[in-house]
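Asker: Everything below, folded, please.
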Amino acid sequence: MATRGSRSEKVKRIFYQFDVNHDGGLNREEMAALVVAVNPRVKFSDEQINAILDEVFRTYGDFIDGDFIFGSMKSRKGNLCTNY
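Answerer: Predicted structure coming up:
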């Protein structure tokens, strides 16, 4: 992955890489793939992945609809907010 660009551009690239179905958000399966990819040396068990995802979805509940993290922290329209 390229290391050039602003922080917002990097976040967008990462987000869209893992938004496999291109629906503007990350579901649990897509988020699990992201967690594994950013920790390549860690061999997570299914239980550990589920605990991590439970915490992420609990912590960011304002940006989640069921099991779906929206691409936008403000508008929920797929435009990434630069505040994270």
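
Asker: what packs against the helix or strand containing residue 52?
Answerer: Take DSSP states H and E as the rule and residue 52 turns out to sit in helix 46-59. Contacts defined by 3 or more CB pairs under 8 Å, 6 or more residues apart in numbering; DSSP states H and E place helix 46-59 against helix 28-37. From N, CA and C alone the C-beta is placed, and that goes for glycine too.

Asker: If we use 10 Å, what do you get?
Answerer: Using 3 or more CB pairs under 10 Å, 6 or more residues apart in numbering; DSSP states H and E, the elements in contact with helix 46-59 are helix 28-37, strand 68-70.

Asker: pLDDT of the last one, averaged?
Answerer: Just to be clear, that refers to strand 68-70. Strand 68-70 shows a mean pLDDT of 62.

Asker: Can we start the residue count at 832 from this point?
Answerer: Taking 832 as the first residue, the last one we looked at is strand 899-901.

Asker: Show me which residues of stretch 859-867 are buried.
Answerer: Neighbour-count burial for stretch 859-867 flags 859, 861-863, 865-866 (criterion: 16 or more other CB atoms under 10 Å).

Asker: Provide the backbone phi and psi angles at residue 852.
Answerer: phi -90, psi 0 (degrees, to the nearest 10).

Asker: Could you give the number of residues near it?
Answerer: 10 (other CB atoms under 10 Å).

Asker: That concludes my questions; thank you for your assistance.
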